[in-house]
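A.B. asks: structure for this input, please:
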Amino acid sequence: MAKATAKAKKDKEEKVKGGVNTQSQVNTTEEADESNQVSVEQKLRALYTLQQIDSQVDRIRIVRGELPLEVEDLEDEIAGLETRIEKYNLETEELNTAIVDKQNAMTDSLAMIKKYQDQQMNVRNNREYDSLTKEIEFQNLEIQLCEKRIKEFTFKLEAIKQDVEKSQASLDERKEDLEIKKGELKDIVAETEKEEKELLEKSQKNQKFVEDRLVVAYQRIRKNARNGLAVVHIERDACGGCFNKIPPQHQLDIRMHKKIIVCEYCGRILVDSEIVDEVSK
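C.D. replies: This is a model prediction of the structure:
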C-alpha cells in the first residue's frame, strides 16, 4: 500500500515537472519568435538606412561627376579655339606674304613698262613697235590682276581679323569659366571627400546588421535599378520604385515586419511608413 502511494506521488511530480518543461519550451519559442521579429525589423531598418546613405553618396558623386566633365569640355573647347586662332595667324601670314609678292610683281611690271616704253623710242620698224606695245599691254594686265588679288587678300584679311577677335573673345571667356569651374571642383572635392568618407563608414556599419546574402542582393538590385534605389517604401498603396499597385495582403505582411518582402514587379525591397519614420527620426 505504501509502495502504491509513493508511486502515485512520483507520477504526479513527473507530470507536474513535464508541464513546467512544456510551458518553458513554449515561452522559449515565443521569445525566439519575438527575437526573430525584432531581428527582421532591425534588418529592414538597417537596409532602409543603408539605402538613404548610399543615395546621398550617389548624389555627391553625381555632382562631382558633372564638374570634371564640364572642366574637360571647357579644356577641349579652349584647345580648339587656340588651334583655330593659330590657323588664322598662319593664314594671315600667308596672305600678307602673298600681298607683298603681288606688290613686288606690280613694281616689276611697272619697271618692264618703263623699259618697253624706252625701247619704243628706238624701234626700227612697226613690227617691233607693235611687239613692244603688246608687252606693255600684257604688263598692264598683270598690274590689274595683281591689284585685284591684293584687294581679295585684303578682304580675306579683314574677315580673318574679325574671326580672330571673336575667337579670342570666346577664348578669354572660356578660360575664365574654366578657372571658375576648376575652383568649384576643387572646393567640392575637398568638401565631399570628407562627407563621402563618413557616409561610406556609416554604410559599412549598417551592413553589419544584415547578413551577407541580403547585402549582396541589395547591391545587385541597386546596380540594376536606374535610380539606384533597392529599398523603397509604399506610397499610395504602390511600390515607391516602379509605382505598381501592391495587394492589400502584401501590404499587411510588410507592416507586420515578420519577413522581408520584395516587389513582385521590380524586385525592390519594400518597407512601410513606420520604418521610414523611425529612420527619419
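
A.B. asks: neighbours of the closest residue to Thr154 other than its chain neighbours, how many?
C.D. replies: Closest residue to Thr154 apart from its sequence neighbours, by C-beta to C-beta, 6 or more residues apart in numbering: Ile99 at 7.1 Å. The C-beta positions use only the backbone N, C-alpha and C, and glycine is treated the same way. Ile99 is surrounded by 18 other residues when neighbours are defined as other C-beta atoms under 10 Å.

A.B. asks: OK, contacts around Ile99?
C.D. replies: For Ile99, the contact set (C-beta atoms under 8 Å, 6 or more residues apart in numbering) comprises 150, 153-154.

A.B. asks: just the ones of those in helices?
C.D. replies: Assignment to helices by DSSP state H places the following of these there: 150, 153-154.

A.B. asks: ok, of those, which come out buried?
C.D. replies: Taking 16 or more other C-beta atoms under 10 Å as the criterion, what is buried in the ones in helices among the contacts of Ile99 is 150, 153.

A.B. asks: which strand or helix spans the residue nearest to Thr154?
C.D. replies: When elements are defined using DSSP states H and E, Ile99 is found to belong to helix 2-120.

A.B. asks: which residue packs closest to Ser273, ignoring adjacent ones?
C.D. replies: Leaving out its chain neighbours, Ser273 is closest to His233 (C-beta to C-beta, 6+ apart), at 6.3 Å.

A.B. asks: surely that neighbour and Ile275 touch.
C.D. replies: Yes: in terms of C-beta atoms under 8 Å, His233 counts as a neighbour of Ile275; the distance is 7.1 Å.

A.B. asks: rewinding a little: mean confidence score for the host helix or strand of the residue nearest to Ser273?
C.D. replies: If you go by DSSP H and E, His233 is part of strand 231-235. Summarised as a single mean, pLDDT over strand 231-235 is 87.

A.B. asks: then it to CSV, C-alphas only?
C.D. replies: Written as CSV, here are the backbone C-alpha positions of strand 231-235 (Å, rounded to 0.1, in the frame of the first residue of the first chain):
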residue,chain,number,x,y,z
VAL,A,231,14.8,49.7,-50.8
VAL,A,232,11.7,51.8,-51.2
HIS,A,233,8.6,52.5,-49.1
ILE,A,234,5.0,52.2,-50.0
GLU,A,235,3.4,55.3,-51.4
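
A.B. asks: which helices and strands sit right next to it?
C.D. replies: For strand 231-235, the elements it packs on are helix 2-120, strand 269-271, helix 273-280, judged by 3 or more C-beta pairs under 8 Å, 6 or more residues apart in numbering; DSSP states H and E.

A.B. asks: from the ones you listed, which stretch is densest packed?
C.D. replies: Across these, the average number of neighbours (mean count of other C-beta atoms under 10 Å) peaks for strand 269-271, which reaches a mean of 25.
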